[in-house]
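Q: When you get a sec, could you give me coordinates for this:
(2 chains)
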Protein chains: 2
Amino acid sequence: MQASMITNFPSRITMVGAGNVATHLALAFAEKGYIIQQVYSRTEQSARVLAEKTGASHTTDLGNLVSDSGLFILSVSDQALEEIIEKSSFGASLVVHTSGSMPMKVFRDKVINYGVLYPLQTFSKDRKVDFSTLPLCIEANTPANLEVLNHMCSLLSQKVVFMNSRKRLNLHLAAVIACNFSNHLYSLAEKVLKENNLSFDLLHPLITETAEKAVQYGPTQVQTGPAVRKDIKVIEKHIELLSFSPELQTIYDLLSKSISTNQE
Amino acid sequence: MQASMITNFPSRITMVGAGNVATHLALAFAEKGYIIQQVYSRTEQSARVLAEKTGASHTTDLGNLVSDSGLFILSVSDQALEEIIEKSSFGASLVVHTSGSMPMKVFRDKVINYGVLYPLQTFSKDRKVDFSTLPLCIEANTPANLEVLNHMCSLLSQKVVFMNSRKRLNLHLAAVIACNFSNHLYSLAEKVLKENNLSFDLLHPLITETAEKAVQYGPTQVQTGPAVRKDIKVIEKHIELLSFSPELQTIYDLLSKSISTNQE
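A: Predicted structure coming up:
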């Protein structure tokens, strides 16, 4: 029966890790009525801060993990993940990690019930995140575990997506290109402005509008600038202005060529 | 006297060019009570469309430009600009161009009163632009002309900035790096997603949030991702996934190295 199935879904969650992703996930689940039972972090201070925010207990000792949380969310660096899986015992509880780049099979032969919950967003500690439109990419080792994850994640977001590890890794790669790299280009632009005693503030409306247009119309349709117009004169002027940084010249040249050829 | 000075400010504007920048500027000035007197474009259809939107007459013949507009706004490609200046006679009217990359001196010895009005934004024909926070970078050949431009532009935007041609060119360069290049990275990310049958929609929240965070906190402070963490394992996985495109591999490698070294 539907009702009794739902009562078997986890109501208590333990957070392993207390960084940005862990914090936002814990707060989002707590808001939906889940009990955050315990927070683990290597650093006592981080564990305590998140525990206080969510009414959980906290520990810095993997040996002290509670055994009766229905869900353990491992939200730690890729480097730490394997060691934590190795050192902890989760019994029959469902255990997920939140990494874009680690395959689900990292749990294999070490955990009984497992999966992945990858929220595709960039989290900052003090910035509120709207989970409702956030893609939550999930994967699990059994249909039953997938159903549990789907049920819980659907409470947070309208955009729960089933995705295998390979697709997730590619999605993570696309996110790095679209977002980490774009952000770095903002930094490089800031460098050019600083060289000329100009404020980065000037670019704010343009940066926001560029992102919004790409989202609304698709980036290829709205590409503008000298490279797509093949405006060699402007490109040459720009490369000359960048003579203070050979690295920036190389990046400018490479991306301009990439724009020209991709739009053909 | 202040009052009589203001009555000498132009009330009639002629648009030379009818593209996106011309359209949005003309509509913004018309909204503030300026009369758009005439629209010139090489193509009759473009001239007519903007003329109809603004209640102006239109022409495709530079010889037919009205002589009594107080302000001529030349909003055409860099390539066309010099030819238009050469072929037209503007009398004592104030003439400005809207290019980020053309120096003001393009008018020298050919026009009496001139300047530049460079709106730092990416314009699309059917997308409403909020001028009120838009940087309008202005420059003029005399203090009196600068005062006229400043008065008119201040009606449109709270962010009128006096800027010489060299700074404007550098600002344009920074805009290309921050926006044209970012948008291209969105396209490259879309390519990666397509290769894996994943929808670009998944990246929408992340793209918007990345832009907003950079604007709010400054891009260098909020840089995330494998390159800034120097997470070689993930970087290697990503480069392997990109083996379908050597160009993308080169871009990934170059930008990752640039992130790593710039954050040191």
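
Q: Contacts only, for A:Ala189.
A: A:Phe200, A:Leu203, B:Ala174, B:Ala175, B:Ile177, B:Ala178 (CB atoms under 8 Å, 6 or more residues apart in numbering or on different chains). (C-beta placed from N, C-alpha, C; glycine too.)

Q: Remind me which helix or strand the closest residue to the fifth one other than its chain neighbours belongs to.
A: The shortest distance from B:Ile177 to any non-neighbouring residue, by CB to CB, 6 or more residues apart in numbering or on different chains, is to A:Ala189 (4.4 Å). According to DSSP states H and E, A:Ala189 maps onto helix A:181-195.

Q: Check the offset of that helix from the chain's centre.
A: Distance, stretch centre to chain centre, for helix A:181-195: 23 Å (CA atoms, centre = their mean, to the nearest Å).

Q: Can you name the residues of the stretch 1-150 of chain A sitting close to chain B?
A: A:77-79, A:101, A:120-122, A:124, A:127, A:130, A:133-135 (CB under 8 Å from any CB of the partner chain).

Q: Can you lay out those residues as TSV showing secondary structure?
A: Putting the residues of the stretch 1-150 of chain A next to chain B into TSV (DSSP: H, G, I helix; E, B strand; the rest coil) gives the following:
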residue	secondary structure
A:Ser77	coil
A:Asp78	helix
A:Gln79	helix
A:Ser101	coil
A:Leu120	coil
A:Gln121	coil
A:Thr122	coil
A:Ser124	coil
A:Arg127	coil
A:Asp130	coil
A:Thr133	helix
A:Leu134	coil
A:Pro135	coil
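
Q: List buried residues within the residues you listed.
A: Buried subset of the residues of the stretch 1-150 of chain A next to chain B (neighbour count, 16 or more other CB atoms under 10 Å in any protein chain shown): A:Asp78, A:Ser101, A:Leu120, A:Gln121, A:Thr122, A:Ser124, A:Leu134, A:Pro135.

Q: Going by distance to B:Val21, which of the residues you listed wins?
A: A:Thr122 (32.3 Å; CB to CB).

Q: Next one: the closest one from A:Ile84, what distance?
A: Distance of A:Thr122 to A:Ile84, given as CB to CB, to the nearest Å: 23 Å.

Q: quick one, what contacts A:Lys110?
A: A:Ile85, A:Glu86.

Q: Backbone dihedrals for it, both of them.
A: phi -120, psi -30 (degrees, to the nearest 10).

Q: pLDDT value on it, please?
A: Reading off the confidence values, A:Lys110 has pLDDT 96.

Q: Relative to A:Gly218, which of the buried ones among the residues of the stretch 1-150 of chain A next to chain B is nearest.
A: Distances from A:Gly218 to these, taken by CB to CB, are shortest for A:Pro135, at 17.4 Å.

Q: residues contacting the closest one?
A: Shown in contact with A:Pro135 (CB under 8 Å, 6+ apart): A:Pro119, A:Leu120, A:Ser157, A:Lys159, A:Val161, B:Leu202, B:Pro205.

Q: picking that back up, can you flag which of the contacts of A:Ala189 belong to helices?
A: With helices taken from DSSP state H, the overlap with the contacts of A:Ala189 comprises B:Ala174, B:Ala175.

Q: Identify, by residue count, the longest helix of chain A.
A: helix A:246-262.

Q: Give the rounded mean pLDDT of that helix.
A: Taken as a whole, helix A:246-262 has a mean pLDDT of 96.

Q: per-residue confidence at the residue in the stretch 51-200 of chain A positioned nearest to chain B?
A: Distance from chain B to each residue of the stretch 51-200 of chain A (CB to the nearest CB) is smallest for A:Asn180, at 3.1 Å. Confidence at A:Asn180, expressed as pLDDT, is 97.

Q: now do the one 5 residues further on
A: Predicted confidence (pLDDT) at A:Leu185: the value is 98.

Q: In stretch A:222-233, which residues are buried?
A: Judged by neighbour count using 16+ other CB under 10 Å, the buried positions of stretch A:222-233 are A:Val222, A:Gln223, A:Thr224, A:Gly225, A:Pro226, A:Ala227, A:Val228, A:Arg229, A:Asp231.

Q: Please report phi then psi for the fifth one.
A: In other words, A:Pro226. For A:Pro226, the backbone dihedrals (degrees, to the nearest 10) come out as phi -60, psi -30.

Q: what packs against the helix or strand harbouring A:Ile73?
A: Here A:Ile73 sits within strand A:71-74, counting by DSSP H and E. Contacts defined by 3 or more CB pairs under 8 Å, 6 or more residues apart in numbering or on different chains; DSSP states H and E place strand A:71-74 against strand A:12-16, helix A:20-31, helix A:78-87, strand A:94-97.

Q: if we compare those, which one ends up closest to B:Val39?
A: That would be helix A:20-31 among the helices and strands packed on strand A:71-74, by CB to CB, at 51.3 Å.

Q: give me the number of residues near the closest residue to A:Leu156 other than its chain neighbours?
A: Distances taken as CB to CB, 6+ apart place A:Phe131 nearest to A:Leu156, at 4.5 Å, with adjacent residues excluded. A:Phe131: 23 surrounding residues under other CB atoms under 10 Å in any protein chain shown.

Q: Contact partners for A:Phe131?
A: In this structure, A:Phe131 makes contact with A:His24, A:Ala28, A:Pro119, A:Leu156, A:Ser157, judged by CB under 8 Å, 6+ apart.

Q: Nearest to B:Ile73 among the contacts of A:Ala189?
A: Distance to B:Ile73, by CB to CB, is smallest for B:Ala175 among these, at 19.9 Å.

Q: returning to that earlier point: following the helix holding A:Ala189, which helix or strand shows up next?
A: Next in sequence after helix A:181-195, counting helices and strands by DSSP H and E, comes helix A:204-217.

Q: So what touches that next one?
A: Against helix A:204-217 from outside (CB under 8 Å, 6+ apart): A:186, A:222, B:120-122, B:124, B:127, B:130, B:133-135, B:175, B:178-179, B:182-183, B:186, B:204, B:207-208, B:210-212, B:214-215.

Q: in it, what's buried?
A: Under 16+ other CB under 10 Å, the buried positions of helix A:204-217 are A:His204, A:Pro205, A:Leu206, A:Ile207, A:Thr208, A:Glu209, A:Thr210, A:Ala211, A:Glu212, A:Lys213, A:Ala214, A:Val215.

Q: same question, stretch A:252-264
A: In stretch A:252-264, counting by 16+ other CB under 10 Å, buried: A:Tyr252, A:Leu254, A:Leu255, A:Ser256, A:Ser258, A:Ile259, A:Ser260, A:Asn262.

Q: For the residue nearest to A:Leu156, give its distance to A:Gln45.
A: Applying CB to CB, the value for A:Phe131 to A:Gln45 is 26 Å.

Q: what's the spatially closest residue to A:Leu169 that is not a sequence neighbour in contact with, if anything?
A: Residue nearest to A:Leu169 in three dimensions, not counting chain neighbours: A:Ser101, with 5.6 Å by CB to CB, 6+ apart. Taking CB under 8 Å, 6+ apart, we find A:Ser101 in contact with A:Asp78, A:Arg168, A:Leu169, A:His172, B:Pro226, B:Val234, B:Lys237.

Q: So of those residues, which two are at opposite extremes in space?
A: The span of those, defined through CB to CB, is set by A:Arg168 and B:Pro226 at 14.6 Å.
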